[in-house]
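S.K.: this one's sequence-less:
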Ligand SMILES: Cc1cc2nc3c(=O)[nH]c(=O)nc-3n(C[C@H](O)[C@H](O)[C@H](O)COP(=O)(O)OP(=O)(O)OC[C@H]3O[C@@H](n4cnc5c(N)ncnc54)[C@H](O)[C@@H]3O)c2cc1C
């Protein structure tokens, strides 16, 4: 039987990052198991690529205070690009309750050491982006080090570096079970044979609950479909814009290539492994888009280029570690 000091299940961005960090810390026998023929076919390749430190909980802020400077120096550290673009995140509040929420988050973020975040007045947002319908915007919050990365490139960079320093990636290999003994995990059963290990890291994203079940653990992770709509080239809004979030509807968008990438979390979506793109979503999102950005009424989109992926949802929307 093969052995590994640590087996990581899932070669998406989380598994790849953990493979990198373990290897960089001196762990020599790390095995990443991925059932697909290539990395990034899970949620990682479907992501909008937004990275931000503007969170509300200390643990999320703390993690971003590590990860965003890491992305800024990714290429220097690893020798591979992740395409970090610090164009910022701009939250736009349309009532006092939302503004109070941003103010509380801002105070917490600053206290924890985030020094690039600032509160902005409604007038400043209107003058920065006159293309927005700004009559109801009371203010917002902006952080210039927030922005976007290419999650696929980041995952490949992490895994390639780890493989160059001793880690192994098995593709086309599915984990089908786990064996346990009196000391806990004894081995991982795969379509390529069993691997003896005492340490298993579950990085299966939306499929994490099924892996946990192999070890007798009930993990509250559910897949929830999320759809994104890219536009065709469009020049009536600046391409230097940040991710802009309309807090009144949840509609958000960012520049992508010569156009824009549009997102909106449909509250009618229900959990399940649905990855087909629903054509009816285009009208729903364009209605929200044109409401906040009137020139988006002319935004050309090709529904055939739109896609859907799965968010791994937890009861409190926070990661599960440990
Ligand atoms: C449309 C969309 C937009 C998003 N936008 C953002 C964003 O802007 N910012 C952000 O931070 N996050 C965003 N996310 C969330 C983000 O994409 C995920 O949180 C992240 O990619 C999860 O990475 P992961 O490595 O945990 O999972 P995945 O990338 O899904 O990787 C899990 C891997 O496990 C493999 N696997 C599963 N079961 C097995 C098995 N039995 N054996 C072997 N391999 C197995 C899968 O094939 C897969 O490759 C978005 C998600 C979606 C769908």
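M.R.: Good, I have the coordinates. These numbers were taken from a predicted model, which means no experiment stands behind them.
S.K.: Neighbours of residue 286, how many?
M.R.: The tally of other residues near residue 286 (other C-beta atoms under 10 Å) stands at 19. Where you see a C-beta, it was placed from the backbone N, CA and C, and this is true even at glycine.
S.K.: Please verify my assumption that it contacts residue 298.
M.R.: No. With contact taken as C-beta atoms under 8 Å, residue 286 and residue 298 are classed as non-touching, separated by 10.4 Å.
S.K.: For residue 25, give its distance to the ligand.
M.R.: 19 Å (C-beta to the nearest ligand atom, to the nearest Å).
S.K.: Need the per-residue pLDDT for that residue.
M.R.: At residue 25 the predicted local confidence, pLDDT, stands at 98.
S.K.: before we move on, what about residue 28?
M.R.: 88.
S.K.: Which residues are in contact with it?
M.R.: Listed by C-beta atoms under 8 Å, 6 or more residues apart in numbering, the contact partners of residue 28 are 5, 166.
S.K.: Remind me which helix or strand it belongs to.
M.R.: With elements delineated by DSSP states H and E, residue 28 resides in a region that no helix or strand encompasses.
S.K.: got it, and the one 4 residues further on?
M.R.: Using DSSP H and E, residue 32 maps to strand 30-33.
S.K.: what comes into contact with that strand?
M.R.: When contacts are taken as C-beta under 8 Å, 6+ apart, the neighbours of strand 30-33 outside the stretch itself are 2, 4-11, 15-16, 19, 22-23, 159, 162, 166-170, 173-175, 188, 190, 195, 197.
S.K.: quick one: strands adjacent to it?
M.R.: When sheet partners are counted by DSSP bridges, strand 30-33 sits next to strand 6-9 (parallel), strand 168-170 (parallel).
S.K.: Is the ligand within reach of it?
M.R.: Yes. Figure legend: strand 30-33 in contact with the ligand (C-beta under 6 Å from any ligand atom); contacting residues residue 33.
S.K.: if I look at residue 181, how far off is residue 196?
M.R.: Counting by C-beta to C-beta, to the nearest Å, the gap from residue 181 to residue 196 is 11 Å.
S.K.: To clarify, my last question referred to residue 9.
M.R.: Computed as C-beta to C-beta, the residue 9 to residue 196 distance reads 15 Å.
S.K.: With residue 248 instead?
M.R.: Taking C-beta to C-beta, one finds residue 248 at 54 Å from residue 196.
S.K.: same question, residue 173
M.R.: For residue 173, the distance to residue 196 (C-beta to C-beta) stands at 16 Å.
S.K.: Pick out whichever of those two has more residues nearby.
M.R.: More crowded of residue 173 and residue 196, by other C-beta under 10 Å: residue 173, with 20 against 14.
S.K.: Show the model's pLDDT score for the closest residue in space to the more buried one that isn't next to it in sequence.
M.R.: Leaving out its chain neighbours, the residue that sits closest to residue 173 by C-beta to C-beta, 6 or more residues apart in numbering is residue 192, at 4.6 Å. Per-residue confidence (pLDDT) for residue 192: 98.
S.K.: what about the very next helix or strand once past the strand holding residue 32 and the ligand, any contact?
M.R.: Where DSSP H and E defines the elements, the next helix or strand beyond strand 30-33 is strand 50-51. Yes. Figure legend: strand 50-51 in contact with the ligand (C-beta under 6 Å from any ligand atom); contacting residues residue 50.
S.K.: so what strands line up beside strand 50-51?
M.R.: Looking at strand 50-51 with DSSP bridges, its partner strands are strand 147-148 (antiparallel).
S.K.: Centre of the chain to the strand it pairs with, how far?
M.R.: For strand 147-148, the distance between its averaged C-alpha position and the chain's averaged C-alpha position is 11 Å (C-alpha atoms, centre = their mean, to the nearest Å).
S.K.: can you check stretch 201-214 too?
M.R.: Averaged over its C-alpha atoms, stretch 201-214 has a centre that lies 17 Å from its chain's centre (C-alpha atoms, centre = their mean).
S.K.: Pull out the buried residues from it.
M.R.: The neighbour-count check on stretch 201-214 (16 or more other C-beta atoms under 10 Å) flags 201-209, 211-212, 214 as buried.
S.K.: and if you look at stretch 65-83?
M.R.: 65, 68, 70-72, 74, 78, 82-83.
S.K.: Mind putting the residues you listed into TSV with secondary structure and pLDDT?
M.R.: Supplementary listing: the buried residues of stretch 65-83 in TSV, determined by DSSP: H, G, I helix; E, B strand; the rest coil; pLDDT from 0 to 100:
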residue	secondary structure	pLDDT
65	helix	98
68	helix	98
70	helix	98
71	helix	98
72	helix	98
74	helix	98
78	helix	98
82	coil	98
83	coil	98
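S.K.: can you map out the helices along the stretch 51-200 of the chain?
M.R.: Remark: helices assigned in the stretch 51-200 of the chain by DSSP state H, counting those that start in this stretch are 58-72, 74-78, 96-111, 122-128, 151-164.
S.K.: Do a quick rundown of the helices in the stretch 201-322 of the chain.
M.R.: Going by DSSP H, counting those that start in this stretch, the stretch 201-322 of the chain shows helices at 208-214, 280-292.
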